[in-house]
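Enquirer: Quick one, structure for this:
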Amino acid sequence: MVSGISPLHLYPGTRPHYNTLTPGLLLNGSLSRVHEYQNTYSATDGFMHCRQVISIDDTHVYVKYDTKLLIDVAVDANGSIFPLAFAICANKSQKTWTLFLNYLKEHIVNQRSIICLISDRHGDILSSVQNLRAWQEPYAYHCYCVRHLKNNFQRAHPNKDLHDLMWMAVTDHQECKFRRQMELIKQEDQRAYTWLMRHELNKWTLHADSGRRWGILTTNVSESFNGLLKSAHGLPVTVIVRMSFKQMAERFVERSRGASSLTERGVEFIPIP
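Expert: Okay, the predicted model is just below:
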């Protein structure tokens, strides 16, 4: 496995990292934990000019063994997707998320502070963040993907009126309006109110996050990049890595050419669409 992807360090600007456990590749008939982490110097340099928000997500890779693709994505000043890094691991666990977040901090976030990390509320992610000092306040802030939170809320309390009130409460920028919506939820269903209020407000509401989310409520940006790689799912790991690199490289080249064109025309600020 590792020998098959070792030539990838020859790709311009890539920064691969491999982590394996020995002995052997097979443990009890399943793939042992093999991690391949990769980002580019372009991503590291470019993140210095992005919003201080990172979205992380994972997707299943349909190969012979249980393999996951972990992705982290930022958002640039123009509101566009800015891919940072990806990792391939044999399974999704607290260990793999801890390794992924450590690499992310070491290679990308090390020159910036007060980063907002947005993810779903998967137990392994929560445990990893809690155990990594570098991803805790005041160095970083962890917020929940509100879409995932809403989905969990809908399963626990199947009532459309409650769902609409919950979303209005989440997106209100003023505390008084948030309290008003929450009071309506409380009147409708005390249990639904209690379910929501047991979560720290600064992790899922706009009015309490002090602007750290930059208005980004969900992990849609990382899931969108996952969608670009969907055609690679089911292919060998080496192909997935190369396609991921190709997608990142093409995006950087496209944005670079666009920026050069604007500069040549004397455009200082990008017009609002």
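
Enquirer: Residue 54 falls within a helix, correct?
Expert: No - secondary structure of residue 54 (DSSP: H, G, I helix; E, B strand; the rest coil): strand, not part of a helix.

Enquirer: so what's it up against?
Expert: 72-74, 84, 104, 109, 115-118 (Cβ atoms under 8 Å, 6 or more residues apart in numbering). Just so you know, the C-beta spots here come from the backbone N, C-alpha and C atoms, and that holds for glycine as well.

Enquirer: Residue 68 too?
Expert: Taking Cβ under 8 Å, 6+ apart as the criterion, residue 68 is in contact with 58-61, 88-92, 96.

Enquirer: hang on, the earlier thing: which one of the contacts of residue 54 sits closest to residue 202?
Expert: For the contacts of residue 54, the residue nearest residue 202 by Cβ to Cβ is residue 116; the value is 10.3 Å.

Enquirer: separation between residue 79 and residue 221?
Expert: 10 Å (Cβ to Cβ, to the nearest Å).

Enquirer: If you count surrounding residues, which of these two has more?
Expert: The neighbour comparison of residue 79 against residue 221 (other Cβ atoms under 10 Å) goes to residue 221, with 24 against 12.

Enquirer: just checking, that one is part of a helix?
Expert: Yes - assessed by three-state DSSP, residue 221 belongs to a helix.

Enquirer: Bridged to the residue nearest the centre of the chain, which residues?
Expert: Taking Cα atoms, centre = their mean as the criterion, residue 56 is the residue nearest the geometric centre of the chain, at 1.4 Å. Beta bridges link residue 56 to residue 72 when assigned by DSSP bridges.

Enquirer: Pull the contacting residues for it.
Expert: 70-73, 100-101, 117-119, 125, 219, 222.

Enquirer: Give the burial count for residue 246, as a bare number.
Expert: The number of residues near residue 246, taken as other Cβ under 10 Å, comes to 13.

Enquirer: where's it relative to residue 80, distance?
Expert: 18 Å.

Enquirer: so where does residue 70 fall, helix or strand?
Expert: Assigned by DSSP states H and E, residue 70 falls within strand 66-75.

Enquirer: Listing partners with orientation, what would you give for the very next helix or strand once past that strand?
Expert: Once strand 66-75 ends, the next helix or strand along the chain (criterion: DSSP H and E) is strand 81-89. Looking at strand 81-89 with DSSP bridges, its partner strands are strand 34-40 (antiparallel), strand 66-75 (antiparallel).
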